[in-house]
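1. Just need the structure, nothing else, for what follows:
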Amino acid sequence: MQNRLLQRPKRLVWASLMAVGLLLSQIFAYLPNTVLAQMPAVYPAHEFRGVWAATVANIDWPSQPGLPVEKQKAELLTILNKMQELNLNALVLQVRPNFDALYNSQIEPWSGWLTGKQGVAPNPFYDPLEFAIAESHKRNIELHAWINPYRAQLSPADGSFAPNHIAKKFPQYAYTYGKNVWMDPGAKEVQDQTYNVLLDIVKRYDIDAIHIDDYFYPYPVDGVEFPDYATYDAYRANGGTLGLEDWRRQNVNQMIQRLSQGIHAAKPYVKFGISPFGIYRPGKAPGIVGFDQYAGLYADVKLWLQQGWLDYLSPQLYWKIDPPKQSYPVLLDWWLQQNPKGRHIYAGNFLSQIKNADWPVSEIQNQVNISRQRVNQLSLGNIFFSMKIFRDNVKGVNEIFKTSVYPTPALPPRMPWLDNQPPNPPAGVQLNGRTLTWQADSSGDVRSWALYLQRGNLWQLVRVLNRDTTAVTLYPGNFVLRAVDRLGNESAEQVFSVQ
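-> Here you go, the predicted model:
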C-alpha cells in the first residue's frame, strides 16, 4: 500500500435504531479520531453483502454453455447492475468448478460450462475473470474468486476431459465416487496443482479474495468407501502413523494452511475466505443434530478459524430460525464463539429456499437482522445463495431488500490484521454551488470515495463513488467525503455544507 497516513485508527463499536424500527448495531469500525467517528450511523457503513454466482451446471452464470461471448458479457453485466441496485457489495464468482477454468489459465482447461466443450476457449477470445473484475470494481463491488479444490467432474458430465485436465494427467488419483469424479486430496500432485492454480489467480488477477466452499473430501455415499487406499498405504509405508480419518483431516488442514500462507505472501491484501457446511459436529452447539463434516468431509473448520488461517468464515446456515435441530441463531452463536483470532463471520443464507411456500422473504430478513444483532462478536455480514433469486425477483425479494434490508450502500468491513492504515484524504476539494469536485487519486491506493450525509445528530453513508469519479452534484445538507482503500480503510474527512 502506498502513501499511508501514520495515523493509527481507533476501534469503536456503534449501535443505533433503524428508521423502520429494527434494531441494528453498527459494525466494528476502525476509524480515525475525527468528527465523523464520534457519531453513529443509521445503517451500517461497513457490512459484507455478498452473493454467490455459481457457474457449475450453469446455475447462475452463464445461463447455458456455449453462449455467444457478447451474450455472456451481457448476462454478467445484468448480474452486476442488479447487485449495484440492491446495494450488494461482493460477487462470489465460481471460476474453477471442476479443475477447469472460467479464465485464461495455462494450467487447467477452459470450462465446458462456459464454452460448451472443455478445453475450448471463448471465440472471439476474452478473459471472463478479467472482465468480471473490471466491471465489478467500476461498481464498487468486490470480486471473490470461488474455487472448488478437489472435484474433477460433476454428473451429468459437462463433456469428456480435455487432454490437459488433471484426471488425464494423473488418472491414478481420479476416482469415480457416486456420480462424480473426485481427485484424491491425499496425493501431492493434486495438492500441488490446487495450490499452484490458486496462486496463479492471485498473482495475475486483481481479485479481492480467494473463496473455497464446503467440498473437501466428497460428501459420503451410503455404503461406499472413498477409494484412497493406495495413497494411504503409501503414507503408512513411508512411516506415517495416523489413522485413516486423522490422515485425511491432516491432508485438508495442511492445504488450508498452505493456501493461507501462499495467498498472503503473494499479495498481503487479498482475503482468504471459506464457506463450510453449517454444522461443525452434531451436539457441539446446544441441541443441534445433523451431518458431521469433521467426520464426513474431514474438514476441521474449528481448527482453521482458531488458528487464523482464514480472513473470513461463511458457514452455510441453510436452515430456519426456529427449528431446534438446526437453528440459524444457535449455529451462528456457536461459530462466533470459536473465533479467538477475531476473524470475520459472514453467515451464508439459503436465499433459494424462498421459492418454496414455507419460506417467506421475511425469514431471510429476520436472519440478516439476527446477524446484525451480533455485530459486537464480529458477525459482520451475509452471503446469499444464489444470484438467480435476485435475477428473477422471486416473491418480490428485490423490492423488500431495497426498502428494508439494504436501503443504503455499505463499504466492506475492515480487516486490520491485513492492513489498518488509511489512505490519504481527498485533495483539492472545492464546492461550487451544489457541485463538489476533488482531484483524481494519484497514489493508486484509493478504491472508492465515501459520501456521508448528516441526519440530525447521525451520519449516514449515502453514496459510494467509483475511484475515477471526481465530481458529484448534491442537495442541501452537511456532507463528509472520504477516500477508501481496497480493504475498507477510510481517510480523514473533508466536511462541507451545501446550501
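2. SS state for W182?
-> strand (DSSP: H, G, I helix; E, B strand; the rest coil).
3. What residues does it make contact with?
-> Y150, R151, A152, A174, Y175, Y217, P218, F226 (CB atoms under 8 Å, 6 or more residues apart in numbering). C-beta: built from backbone N, CA, C; applies to glycine.
4. mind running it again at 10 Å?
-> Going by CB atoms under 10 Å, 6 or more residues apart in numbering, W182 touches 150-153, 167, 173-176, 190, 215, 217-218, 226-228.
5. May I have the beta-bridge partners of it?
-> R151, Y175 (DSSP bridges).
6. any idea of the pLDDT on it?
-> pLDDT for W182: 98.
7. Repeat that for V20.
-> The model reports V20 with a pLDDT of 29.
8. Same check on S379?
-> S379 is given a pLDDT of 98.
9. same deal with K271?
-> Taking K271 on its own, its pLDDT is 98.
10. Tell me, how many residues neighbour the residue lying closest to W335 once chain neighbours are set aside?
-> Once flanking residues are discounted, W335 sits nearest to P315: 5.2 Å by CB to CB, 6 or more residues apart in numbering. Per other CB atoms under 10 Å, the neighbour tally for P315 reads 25.
11. what's P315 in contact with, if anything?
-> By CB under 10 Å, 6+ apart, the residues touching P315 are 214, 274-280, 293, 301, 305, 331-332, 334-336, 345-348.
12. Give me the subset of the residues you listed lying in strands.
-> Counted as lying in strands by DSSP state E, out of the contacts of P315, are I274, I345, Y346, A347, G348.
13. Look up the closest residue to the second one, ignoring the ones flanking it.
-> With CB to CB, 6+ apart as the criterion, I345 has its nearest non-adjacent residue at 5.1 Å, and that residue is S379.
14. For the one you found, what are phi and psi?
-> phi -80, psi 100 (degrees, to the nearest 10).
15. Could you check how far it is from V301?
-> 16 Å (CB to CB, to the nearest Å).
16. out of those two, which sits in the more crowded spot?
-> Neighbours per residue (other CB under 10 Å) separate S379 from V301, with V301 holding more: 27 against 24.
17. how near is that one to P276?
-> Relative to P276, and taking CB to CB, V301 is found at 5 Å.
18. Which members of the ones in strands among the contacts of P315 are the farthest-apart pair?
-> Spatially, the most separated pair among the ones in strands among the contacts of P315 is I274 and A347, at 13.3 Å (CB to CB).
19. Common neighbours of these two, please.
-> When CB under 10 Å, 6+ apart defines a contact, the residues bordering I274 and A347 alike are L313, S314, P315.
20. can I get those residues in CSV with distance to D468 and secondary structure?
-> Shown next, in CSV, are the shared contacts of I274 and A347 (distance: CB to CB, whole Å; DSSP: H, G, I helix; E, B strand; the rest coil):
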residue, distance to D468, secondary structure
L313, 33, strand
S314, 30, coil
P315, 36, coil
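21. Take those residues and lay them out in a markdown table including distance to D158 and pLDDT.
-> Output for the shared contacts of I274 and A347, formatted as a markdown table (distance: CB to CB, whole Å; pLDDT from 0 to 100):
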| residue | distance to D158 | pLDDT |
| --- | --- | --- |
| L313 | 30 | 98 |
| S314 | 26 | 98 |
| P315 | 29 | 98 |
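22. would a markdown table of the residues you listed with distance to E70 be doable?
-> Listed next are those as a markdown table, based on distance: CB to CB, whole Å:
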| residue | distance to E70 |
| --- | --- |
| L313 | 38 |
| S314 | 33 |
| P315 | 38 |
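23. if we can go back for a sec, list buried residues within the contacts of W182.
-> Buried subset of the contacts of W182 (neighbour count, 16 or more other CB atoms under 10 Å): 150-153, 167, 173-175, 190, 215, 217-218, 226, 228.
24. Name the nearest of those residues relative to P426.
-> Y215 (43.9 Å).
25. Could you please give me the overlap between the contact lists of V301 and P276?
-> Between them, V301 and P276 share the contacting residues D214, F216, Q293, L310, L313, P315, W335, judged by CB under 10 Å, 6+ apart.
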